[in-house]
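*Asks:* Sequence and predicted model, in that order:
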Number of protein chains: 4
Amino acid sequence: MIKVGILGAAGYTGGELIRLLLNHPEVEIVFANSESNAGNKVYEVHEGLIGDTELEFTSDMPWDKVDVVFFCFGHGKSEAFIKEHSIPANVKIVDLAQDFRIKGTEAYVDGAVPTSSSHDYVYGLPEIHRDAIAQCSHLANPGCFATCIQEGLLPLAKAGLLTHDIAVNAITGSTGAGQKPGATTHFSWRNNNFSVYKLFCHQHLHEICQTLNELRPDGTPTVVDTLNEGFSADGITVDFIPYRGDFARGIFCTEVVTLDKAVAADDIVALYKDFFRTAAFTHYCDKALDLKQVVNTNKCLVHVDVFGRKVVVTSMIDNLLKGAVGQAVQNMNIMFGIDEKAGLSLKAAAF
Amino acid sequence: MIKVGILGAAGYTGGELIRLLLNHPEVEIVFANSESNAGNKVYEVHEGLIGDTELEFTSDMPWDKVDVVFFCFGHGKSEAFIKEHSIPANVKIVDLAQDFRIKGTEAYVDGAVPTSSSHDYVYGLPEIHRDAIAQCSHLANPGCFATCIQEGLLPLAKAGLLTHDIAVNAITGSTGAGQKPGATTHFSWRNNNFSVYKLFCHQHLHEICQTLNELRPDGTPTVVDTLNEGFSADGITVDFIPYRGDFARGIFCTEVVTLDKAVAADDIVALYKDFFRTAAFTHYCDKALDLKQVVNTNKCLVHVDVFGRKVVVTSMIDNLLKGAVGQAVQNMNIMFGIDEKAGLSLKAAAF
Amino acid sequence: MIKVGILGAAGYTGGELIRLLLNHPEVEIVFANSESNAGNKVYEVHEGLIGDTELEFTSDMPWDKVDVVFFCFGHGKSEAFIKEHSIPANVKIVDLAQDFRIKGTEAYVDGAVPTSSSHDYVYGLPEIHRDAIAQCSHLANPGCFATCIQEGLLPLAKAGLLTHDIAVNAITGSTGAGQKPGATTHFSWRNNNFSVYKLFCHQHLHEICQTLNELRPDGTPTVVDTLNEGFSADGITVDFIPYRGDFARGIFCTEVVTLDKAVAADDIVALYKDFFRTAAFTHYCDKALDLKQVVNTNKCLVHVDVFGRKVVVTSMIDNLLKGAVGQAVQNMNIMFGIDEKAGLSLKAAAF
Amino acid sequence: MIKVGILGAAGYTGGELIRLLLNHPEVEIVFANSESNAGNKVYEVHEGLIGDTELEFTSDMPWDKVDVVFFCFGHGKSEAFIKEHSIPANVKIVDLAQDFRIKGTEAYVDGAVPTSSSHDYVYGLPEIHRDAIAQCSHLANPGCFATCIQEGLLPLAKAGLLTHDIAVNAITGSTGAGQKPGATTHFSWRNNNFSVYKLFCHQHLHEICQTLNELRPDGTPTVVDTLNEGFSADGITVDFIPYRGDFARGIFCTEVVTLDKAVAADDIVALYKDFFRTAAFTHYCDKALDLKQVVNTNKCLVHVDVFGRKVVVTSMIDNLLKGAVGQAVQNMNIMFGIDEKAGLSLKAAAF
């Protein structure tokens, strides 16, 4: 059994992680840390868990009793936490925040664990980094939008077909905004509403561009991280419009890629099917997609349509699962050499 | 033109009142008071109003320029406000809070304005108090649940048919909980969710019991305000279960009344049709109801089914309109002697 | 491995059953019968299953290859199907329709399998019939509303505390209305809407009354099935108002029971905790409930409040799981003597 | 008073039109035609109208009693209807279907009524065709998506700034799919779901391209109607992805336009403000938009962000109002020379 500790266990991702791990056949939750809830039963905060566990939140962090810890902090707190605490080297870390997702100039292509860098966190997108993940001790779990958008673009990126600006639209559920109530998560406002935010400047662009540049063959254009370099730099851009949807779970994404010249649809589809042939949770789907196919699962579904030189990709995930703790558990499974799907055969909500 | 001032104009009811009054043919909004938003355009807070008005919030309260003021404060603040400010006697007041809804022992049956009391606010339910409203200067606007439940029970109450405990279930939309975000109005929680609250002890029981006792004929049982007297007092009780629905607007209510003996359904229906014959906005409906028939209107629709000794009443309103500012404007129309429906012929949202 | 056949596999309950059984550790799906979809992949109809199974629908019914079959037909078709087909005696049957839920005069109290009757189907409510279920070959799975309402009333029924009419309100999600599109499941109508239907005459009253009468101690009043006997018969009634909610999954129910005299809340709570102590999926909850605690699980959660002589019970389930196929699998587990919870440790949707 | 007849009065748009016209100060509804509902009260079909009107559906079409008729048929039926019926020349026609929206080669720029053509219907987008509308007898009301997308692009089109392919994403509410229930309007499917349809080939591309070509200055590229000419023709394309949202009313649209060279944001904004200065219902909004600002109104709100050479336009309307009958009434007002806003000062639903 893998012995697990959870930091930040009282938040949305903490709760979802507990829900997953309680049913994971090879995991034992050793501690669920939450300063403010110490001493309370986990089911008093994550109320649906009544009957499933008598686990209590704790303010302790018994490092010597665990094999791995998950950081379910808000962004920016993981790095601070590590500096303030001495986590033994044998305790693996899976960080769900964005603190260690960006590598600087080092790329860690599959099979090659980075050896020198400002930090040693592997970017945990199993569809391209499985070998590196298997060998790492420290893992940076990808962002939700970033996961969904990357999965949609990976096959084209690797094939060198990203040569023009990419039009990305992605709609997220409200759980992406976290547990703290606010104006844009107020039910009276959000119900039956629709809006955009962080237009062309969502922070996940950093990790998306990092991956696309890592995969691109020599001679193809650089993908410009417009957050760093602005819109006048040489290269192509990811023009990402994030939308707030009026549902709680899921990300639905379309990516429109313009090719240099028209390619037969069958060839594009073959590229996708081939790329994801060995993926545990990402599947190419022949039919058009709808979001609830993936809600409450760790799947990513991808579909492609082709119109002349334009390839329209649809990709979708559950933002809390494949977009957060599901992928984190998938990564943990790989890190510990067990079945990648262990604990992740989830019944879809479907309705 | 009736010159109107609005206090607490930046909240949900304040905004809805402005939306109504901008289209009211006989009203001019003289000021919309909001300390924290003074100087801002109204449409910067109530954003949908762009293009409709250039009105700005103000911190002023020019009493000499208005005929009537609406209090859109939170509960408990109206009374405090009045003590701190000298509102001229000729300025009428419509209070949307609960501060002045309860009269103590004085009843103000239709046509008889109360002459002695701790305060002189008339309880503004037009279906029973139209004459008193027409003559009053100070009006306490009924609560949203209270309006919907009373409308469903008024004909039976007046006919002396309330002789057993009444089972009331009423589901409200999220706007009933106001503008401040919180755990039970968080979209991630409330979406597709359902729950109860203030079970058997909602504060609107005060005004409901006050009205039912006011209407009941001699010899019929007292309706016990269990909030004051508990559950062992002599008399009948209103067993009210409030539910939180996962929609934004509307209250849907069922009231189950047990009669002493079975009465023909036609007779009960006739009682309702007769009672509401002259009502401006309350209609008896022969068919079963669904909530969206009243959403974004000032209507109350009522329907009755009879099973042996049990009468099952369905009543429904829009909580922000007939349950708040719509009824407030209806009351203002009556107070100023203009058409009761002026400014209130609203297009239903319907979908 | 238990070898399973599914009839009516292309409908909502058929799909949900497949979703459950694919993850059940001791089950193999031998066939999924659907005349109209024969030859199609299951994931072409239940689209979220892509990547989970290559199973195809079949028009065959190889009885000799299965240990148990599930009938996922519409109501009324199970009985007809059995007459038209010779199902071998050694093949157990779990019927999800209402065809065999009512026994006539025979009661099958726990431990006593009925020996003579018009049919030999055991009513599969594990919280009262576990022993009978364990010994039976033919099982009638309870209705969704019926399950939720009964779970809320069982402890009081057994204790002889049901002596007055019971006020029941239960709100169901749209999946309760099945797969066929219609006016009241049209999104444009149902979204943000609320309504009642089958007021006081829902067909589940039959099975609810059957159970309550089965459990009631001698000397307590008969529970009248008003659908059969009307509202003037001697005894107490279950005054059941079904509501259509604007969510897809779940049933939220309140049952108001009037006692002969006031009982301490602690005693009532103890009654519930004791009754459900050994239940696999029904839990008493100290805190007020909200529906999403049970959505996408096989749980039933129950909570009780007491006001004078009134006991207000809240009970809730997922209508497709504990209210249909989840309970069917639970019953199958009991029938085959395996862990009652096998395949039913589901991650709640939670949001 | 303008005397109005309505054909197809029992459908969604028919009902919404009746809701509008009942409150229109200068309109009298003379007949509401519906073969299948003849003799029924209008409020028996459009149930929320109880208390508002005693109007009955009729199978008659008394042309001599009306000044104008609205066709609320399904697409393709208007043309057939006209051939089968002799509508007097003095009766104006407003057709809500798509039958007469496309002109072929004739453009009808503002002020110039077309004189020779296969038909004489003016395309009723008031923001560009007000003069032609004012003079016409026959009007083709624009499509819902088409209206929203065009409003977002008109200022750039007229300024000749559309020189590269345009990336359009538009999400529609379920009422856009009409009254007939189906798989993609089933509540159980659509609730909390999200999907695309008619990717890059929605029929509204015809009218969008027609308008953009009509407005474009000489020397700027042709906008290719890919439905007619495919994706390899010379010119620029409108790459339109329609999405199904899980709300009932509204269209939310983003249009990404790539300029030849970067233009200051202020200049683009000035272009929009100037273009819509005299528009009755289209307003430029300085702040980011959310859909409920326009729901249940006839408004179109537009907002622009600029990133380097990319202009990101957000535009939104209520699909049943500015996207259908609201704009139809606006056009009728212009055709009869009355206030363009008459009957269209609607209270937004807001929540």
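*Replies:* Received the coordinates, thanks.

*Asks:* Give me the distance between the two termini of stretch A:192-202.
*Replies:* By C-alpha to C-alpha, to the nearest Å, the extent of stretch A:192-202 from end to end equals 23 Å.

*Asks:* Show me which residues of the stretch 101-250 of chain A sit near chain C.
*Replies:* Residues of the stretch 101-250 of chain A found near chain C (C-beta under 8 Å from any C-beta of the partner chain) are A:173-175, A:191-192, A:248-249. The way it works is simple: take the backbone N, C-alpha and C, and place the C-beta from them, glycine included.

*Asks:* From these, list the ones also adjacent to chain B.
*Replies:* For chain B, the contacts drawn from these by C-beta under 8 Å from any C-beta are A:173-175, A:191-192, A:248.

*Asks:* Next, count neighbours for the single nearest residue of the stretch 1-150 of chain A relative to chain D.
*Replies:* Closest contact between the stretch 1-150 of chain A and chain D, by C-beta to the nearest C-beta, is at A:Cys148 (12.2 Å). Other residues within reach of A:Cys148, judged by other C-beta atoms under 10 Å in any protein chain shown, total 29.

*Asks:* what's the helix or strand for it?
*Replies:* helix A:144-158 (DSSP states H and E).

*Asks:* Repeat that for A:Thr220.
*Replies:* Using DSSP H and E, A:Thr220 maps to neither a helix nor a strand.

*Asks:* Break chain A down into its structural domains.
*Replies:* A:2-142+A:323-335, A:144-319 (automatic domain parsing).

*Asks:* one step back: surely the residue of the stretch 1-150 of chain A closest to chain D touches A:Val313?
*Replies:* No - here A:Cys148 lies out of contact with A:Val313, judged by C-beta atoms under 8 Å, at a distance of 10.5 Å.

*Asks:* A:Ala80 - how many residues pack around it?
*Replies:* Counted with other C-beta under 10 Å, A:Ala80 comes out at 11.

*Asks:* distance of it from A:Ala97?
*Replies:* Applying C-beta to C-beta, to the nearest Å, the value for A:Ala80 to A:Ala97 is 10 Å.

*Asks:* ranges for the helices of chain A?
*Replies:* With DSSP state H as the criterion, chain A has helices at A:12-22, A:42-45, A:77-84, A:126-135, A:144-158, A:187-190, A:205-215, A:226-229, A:265-275, A:326-335.

*Asks:* Put together a markdown table for these, with mean pLDDT and distance to D:Asn296 on each row.
*Replies:* Putting those into a markdown table (pLDDT from 0 to 100; distance: least, C-beta to C-beta, whole Å) gives the following:
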| stretch | mean pLDDT | distance to D:Asn296 |
| --- | --- | --- |
| helix A:12-22 | 97 | 33 |
| helix A:42-45 | 97 | 39 |
| helix A:77-84 | 92 | 43 |
| helix A:126-135 | 98 | 45 |
| helix A:144-158 | 98 | 32 |
| helix A:187-190 | 98 | 15 |
| helix A:205-215 | 97 | 36 |
| helix A:226-229 | 96 | 38 |
| helix A:265-275 | 98 | 42 |
| helix A:326-335 | 98 | 39 |
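
*Asks:* Same list, the ones you listed, but as CSV with distance to B:Ile166 please.
*Replies:* Formatted as CSV, the helices of chain A follow (distance: least, C-beta to C-beta, whole Å):
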stretch, distance to B:Ile166
helix A:12-22, 40
helix A:42-45, 35
helix A:77-84, 53
helix A:126-135, 60
helix A:144-158, 49
helix A:187-190, 30
helix A:205-215, 59
helix A:226-229, 61
helix A:265-275, 62
helix A:326-335, 49
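
*Asks:* right, so of these, which gets closest to D:Val168?
*Replies:* Closest approach to D:Val168 among the helices of chain A (C-beta to C-beta): helix A:144-158, 18.8 Å.

*Asks:* Mind pulling the model confidence for the nearest residue to A:Phe31 once chain neighbours are set aside?
*Replies:* Sequence neighbours aside, A:Gly5 is the residue nearest to A:Phe31 in space, at 4.8 Å (criterion: C-beta to C-beta, 6 or more residues apart in numbering or on different chains). With respect to pLDDT, A:Gly5 scores 98.

*Asks:* who are the neighbours in contact with A:Gly5?
*Replies:* Taking C-beta atoms under 8 Å, 6 or more residues apart in numbering or on different chains, we find A:Gly5 in contact with A:29-33, A:61-63, A:65-66, A:68-70, A:91.

*Asks:* which of those are the two that sit furthest away from each other?
*Replies:* Among the contacts of A:Gly5, the pair separated by the greatest distance (C-beta to C-beta) is A:Ala32 and A:Val91, at 15.8 Å.

*Asks:* between these two, which one's more packed in?
*Replies:* Neighbour count, other C-beta under 10 Å: between A:Ala32 and A:Val91, A:Ala32 has more, with 29 against 17.

*Asks:* separation between the more buried one and A:Thr53?
*Replies:* Applying C-beta to C-beta to A:Ala32 and A:Thr53 gives a distance of 9 Å.

*Asks:* and what of A:Asp239?
*Replies:* 45 Å.

*Asks:* So which of these two has more stuff around it?
*Replies:* Neighbours per residue, other C-beta under 10 Å: of A:Asp239 and A:Thr53, the larger number sits with A:Asp239, 22 against 17.

*Asks:* Which pLDDT value belongs to that one?
*Replies:* Looking at A:Asp239, its pLDDT is 98.

*Asks:* Spit out the contact partners of it.
*Replies:* Here A:Asp239 is in contact with A:165-168, A:200, D:167, D:256, D:307, D:310 (criterion: C-beta under 8 Å, 6+ apart).

*Asks:* again with A:Gly15
*Replies:* Contacts for A:Gly15 (C-beta under 8 Å, 6+ apart) come out as A:9, A:45-46, A:49, C:350.

*Asks:* What of A:Ile87?
*Replies:* Contact partners of A:Ile87, counting by C-beta under 8 Å, 6+ apart, are A:63, A:69, A:93.
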